[in-house]
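*Asks:* Return atomic coordinates for the entry below.
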Amino acid sequence: MNLLTEHCRHHTPENKLTPEEAMKLGYIDQLDKGWEINPTHNTLSRLFSFSGFDEVMLFANYVAWLSMQQDHHPRITLEYKTCNIEYHTHSVSGLSINDFICAAHIDNYLPSSRKA
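*Replies:* Below is the predicted model of the structure:
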């Protein structure tokens, strides 16, 4: 399954993924380096670094636009040169394919020179 061709949809607790399932299904392998699964908090996150606040804001605005398109919203933490994106699907109280779909779209948005 190619995450970039998928669209987020509503999930129920039965759709919850364990970190092991996400690894076995190959979802994490489709993402650029830097994405991490936190098994304690059931989150998928990545810290992005930029040259300045203007780039951080452009990136954050793209993530906001993507979130509205996919109807899946991350926790976004902004600082002067960094932006942390953290996904967690509230309807399943953990990880779902939606988290990985959005992460793949974020990776696809970044120019290859920005990828870790």
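*Asks:* so the residue positioned nearest the centre of the chain is in which element?
*Replies:* Taking Cα atoms, centre = their mean, the centroid of the chain lies closest to residue 103, which sits 3.0 Å from it. If you go by DSSP states H and E, residue 103 is part of helix 97-109.
*Asks:* And that helix, what's buried?
*Replies:* Within helix 97-109, the residues that count as buried by 16 or more other Cβ atoms under 10 Å are 97-107. In short, each C-beta sits where N, CA and C put it, glycine included.
*Asks:* Would you indicate which residues of stretch 59-69 are buried?
*Replies:* 59-60, 63, 66-67.
*Asks:* all helices of this structure, in order?
*Replies:* 19-24, 53-70, 97-109 (DSSP state H).
*Asks:* I would like the residues contacting the shortest one, please.
*Replies:* Think helix 19-24. 28-29, 37, 39, 42, 44, 95, 100 (Cβ atoms under 8 Å, 6 or more residues apart in numbering).
*Asks:* hmm, who's touching stretch 92-111?
*Replies:* Identification of contacts with stretch 92-111 by Cβ under 8 Å, 6+ apart yields 3-4, 6-9, 11-13, 15-19, 22, 27-28, 30-32, 35, 37, 42-44, 46, 48, 62-63, 66-67, 70, 72, 74, 85, 87-89, 115.
*Asks:* Just the buried ones from these, in ChimeraX syntax?
*Replies:* Buried members of the contacts of stretch 92-111, defined by 16+ other Cβ under 10 Å, are picked up in ChimeraX with:
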select :3,8,11,15,16,17,19,22,27,28,30,31,32,35,37,42,43,44,46,48,63,66,67,70,72,74,85,87,88,89
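*Asks:* Now residue 80: closest residue in space, sequence neighbours ignored.
*Replies:* Using Cβ to Cβ, 6 or more residues apart in numbering and skipping the chain neighbours, the partner closest in space to residue 80 is residue 53 (5.4 Å).
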